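> Okay, structure incoming, though there's no sequence with it:
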């Protein structure tokens, strides 16, 4: 009986030691990171993205530090600049630290701070607009925001809530609460 008791105690000690070693080994293994969302299907670094229309002409050109493209046709873009809207040169140059393409859409949301530079056709100072978000819409061939914005053009300044402009730079509409500071030419 004493031998049976010693055997049971030895077995219990062995099992306890074995379990302790197993838990020690598991703790020293690197744990898998918590994947809180889907992984990108493609991950691009120092990327250039040019979208061509059915006619073969440039619709837009993006240079980005990162582009993560997902299976649902969405994308997350980091440190981006965009130009060539509607043509090789385009009327607008856009920059933003972040952007995204929502799933199954043909528009891009640029996130704050967004800087919009309107190129001057007459060699003068460019028009500058600053806002917290900007949509670039390939179907409508427009850029637009409902957020507050600030605009400068030479000595002229304006603030507004919301803006809509065509890609050609021929029409720019400030939508709401528009305030303009106009400096007359002398």
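Sure thing, it's come through. Everything quoted here is computed from the prediction, not taken from an experiment. Numbers count the residues shown, from 1 in each chain.
> What residues of stretch 174-186 count as buried?
Buried positions in stretch 174-186, judged by neighbour count with 16 or more other Cβ atoms under 10 Å: residue 174. For glycine as for every other residue, the C-beta is placed from the backbone atoms N, C-alpha and C.
> List the contacts of it.
146, 148-149, 151, 155-164 (Cβ atoms under 8 Å, 6 or more residues apart in numbering).
> Then stretch 111-120?
For stretch 111-120, using Cβ under 8 Å, 6+ apart, the contacting residues are 89-100, 126-134, 143, 145, 153, 169, 172.
> circling back: now render the contacts of stretch 174-186 as CSV, adding pLDDT, distance to residue 37 and neighbour count.
Output for these, formatted as CSV (pLDDT from 0 to 100; distance: Cβ to Cβ, whole Å; neighbours: other Cβ atoms under 10 Å):
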residue, pLDDT, distance to residue 37, neighbour count
146, 98, 27, 14
148, 99, 30, 15
149, 98, 31, 22
151, 97, 36, 21
155, 87, 47, 11
156, 90, 44, 13
157, 95, 41, 15
158, 96, 39, 18
159, 98, 37, 15
160, 98, 35, 21
161, 98, 32, 15
162, 98, 31, 17
163, 98, 32, 24
164, 98, 32, 17
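> Once you drop chain neighbours, what's closest to the residue most central in space within the chain?
Central residue of the chain (Cα atoms, centre = their mean): residue 99, 1.7 Å from the mean position. Nearest residue to residue 99, sequence neighbours excluded (Cβ to Cβ, 6 or more residues apart in numbering): residue 77, at 4.0 Å.
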